[in-house]
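K.L.:
need coordinates for the below:
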Amino acid sequence: MSDNNSAIVSKVWSFCNTLRDDGVGYGDYLEQLTYLLFLKMADEYTKPPHNRTFSIPKKYSWEKLVPLRGAELETHYTITLRELGKEKGILGQIFTKSQNKIQDPAKLSKIVAMINEEQWLMMGVKDKGDIYEGLLEKNAEDTKSGAGQYFTPRPLIKAMVECISPEPMKTIADPAYGTGGFFLAAYDYIVDHNKLDKAQSKFLKYSTFFGNEIVASTRRLALMNLFLHNIGDIDSDNFISPADALIAQSAEKYDYILANPPFGKKSSQTFTNEEGEQEKEDLTYNRQDFWATTSNKQLNFVQHIRSILKTTGLAAVVIPDNVLFEGGAGETVRKKLLETTDVHTILRLPTGIFYAQGVKANVVFFDNKPSSKTAWTKEIWVYDYRTNIHLTLKKNPLKLEDLRDFITLYNPKNRNKRKEVYNAGKNPEGRWRKFTYEEIIAREKQA
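P.N.:
Numbering: from 1, shown residues only. Reported below is the predicted structural model:
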């Protein structure tokens, strides 16, 4: 991030400290910034040289908001949020269930003025995106809000994307979308590694990405993140569905799946009982296309991800240790995954890289295959980046360079030319090992 972008992030974020005295948390502040920034950028698009028209009603536009002060500003802003939430497309999705969380009109006026000072469209796509990503990361650091569960470390995402090496004119999905890190990294990779023609650029912008995010506030941040990175448009269709991806079998199939499904074993829904109290109920998804019926959310995501892959599709998915070692439904899902897909690589991740504390997770890479009488998985390569690795979120965070050795050994250009490595540089003996299908099945029987 450039010094100027860092300065803008600091300026925008420093105002949050003032608002916290009024009970406005990081997440609420970021939401308000999203609403106002969206309106400001839409206003910039309507002026030369762009001269575009949008479905934002004039009375709820940025230029109507800027001159207002005091109670008049607060009232008009509240009405604007409510009315724009009724609009269609990305506009309506960004303002869905929006509320004014800044009750002090003077402070609201200062935020409006701060956003009005910058010409956001004058910045490059990367600059705008970096600024917003910087804000999302700061929000994720607020462990009390739980926002970190929707934020996957960007170095890990970039490494996963580099290994998958997505190509132009192919579709990419994430059924547990969060704030959009996988799509942004994939977008950057495709742009950086290809000289795109007009048709490829249009496909990348409008037809490549598809996801699900059931939390309205997180989906809002995700849509804004896409918009700032030039993916989609204000008036284009919404790429991020608010529907629960696990509810029903999807008719759509995708070329790539990149995902970090939410941690926590149970899927649950909240309901109000007869006494008017809120209770949680475990959800079990009864889907005919699933190998096992279970309330384990992580196992359900693994099954769902395989079901939405094309027969030639590739997947890279972050999953906790329990998915690799649990019995019962876990064993059924693992065996079926080994049989129906080529599970070729596992990256064992260190603890201390996620905002959920103590999580032991892995990245599992697998290629979908057509039906076969014999198992598609022949051998699994395992890279152990957990043993003797000590990382923390602040003092020693995960960096892309830390995973460069894994990417090299993964060998994205030709996985068939992999070699086991012992006692070489960063590779302690056994860090990069190969296991045959027979060895893995034997271990399952012993467990």
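K.L.:
can you give me the strands in the stretch 151-300 of the chain?
P.N.:
172-174, 209-212, 240-241, 254-259, 268-272, 278-282 (DSSP state E, counting those that start in this stretch).
K.L.:
lowest mean pLDDT across those, which one is that?
P.N.:
For these, the weakest mean pLDDT is recorded on strand 268-272, namely a mean of 45.
K.L.:
tell me the neighbouring strands of the longest strand along the chain, and mark each as parallel or antiparallel.
P.N.:
Taking DSSP state E as the criterion, the chain has its longest strand at strand 309-320. Here strand 309-320 has these sheet partners by DSSP bridges: strand 254-259 (parallel), strand 361-368 (antiparallel).
K.L.:
outside of that strand, which residues touch it?
P.N.:
Applying CB atoms under 8 Å, 6 or more residues apart in numbering, the contact partners of strand 309-320 are 152, 156, 160-161, 163-164, 253-261, 263, 298, 301-302, 305-306, 341, 349, 359-370. Yep, even glycine has a C-beta here, placed from its N, CA and C like the rest.
K.L.:
any low-confidence regions in the stretch 151-300 of the chain?
P.N.:
For the stretch 151-300 of the chain, applying pLDDT under 70 flags the ranges 264-282.
K.L.:
can you rerun that using 80?
P.N.:
151, 233-238, 263-284 (pLDDT under 80).
K.L.:
which residues in it form helices?
P.N.:
Listed in chain order, the helices of the stretch 151-300 of the chain (DSSP state H, counting those that start in this stretch) span 154-164, 181-193, 198-206, 216-228, 297-307.
K.L.:
report the buried residues of the first one.
P.N.:
This means helix 154-164. Of the residues in helix 154-164, 154-164 count as buried by neighbour count, 16 or more other CB atoms under 10 Å.
K.L.:
ok so, going back, what subset of the contacts of strand 309-320 is buried?
P.N.:
Buried residues within the contacts of strand 309-320, counting neighbours by 16+ other CB under 10 Å: 152, 156, 160-161, 163-164, 254-261, 263, 298, 301-302, 305-306, 341, 349, 359, 361-369.
K.L.:
before we move on, back to that, out of the strands paired with strand 309-320, the one nearest residue 400 is which?
P.N.:
With CB to CB as the criterion, residue 400 lies closest to strand 361-368 of the strands paired with strand 309-320, at 14.1 Å.
K.L.:
how about that closest one as PDB, C-alpha atoms only?
P.N.:
Listed next in PDB are the C-alpha coordinates belonging to strand 361-368 (Å, rounded to 0.1, in the frame of the first residue of the first chain):
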ATOM      1  CA  ALA A 361      -6.700 -25.900   9.800                       C
ATOM      2  CA  ASN A 362      -5.500 -27.100   6.400                       C
ATOM      3  CA  VAL A 363      -5.900 -26.200   2.800                       C
ATOM      4  CA  VAL A 364      -7.200 -29.200   0.800                       C
ATOM      5  CA  PHE A 365      -6.700 -29.100  -3.000                       C
ATOM      6  CA  PHE A 366      -8.700 -31.400  -5.100                       C
ATOM      7  CA  ASP A 367      -9.800 -31.800  -8.800                       C
ATOM      8  CA  ASN A 368     -13.200 -33.100  -9.600                       C
END
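K.L.:
and that strand with helix 154-164, angle?
P.N.:
Counting by axes from the mean of the first three to the mean of the last three CA atoms, to 10 degrees, strand 361-368 lies at 20 degrees to helix 154-164.
K.L.:
ok, residues contacting strand 361-368?
P.N.:
Contact with strand 361-368 is made by 156, 160, 163-164, 263, 306, 309-321, 324, 337, 340-349, 354, 376-377, 410, as judged by CB under 8 Å, 6+ apart.
K.L.:
try 6 Å
P.N.:
Here strand 361-368 makes contact (CB atoms under 6 Å, 6 or more residues apart in numbering) with 160, 309, 311, 313-320, 341-343, 345-349.
K.L.:
equivalent analysis for stretch 190-198, please.
P.N.:
166, 168.
K.L.:
how long is it end to end?
P.N.:
From its first residue to its last, stretch 190-198 covers 14 Å (CA to CA, to the nearest Å).
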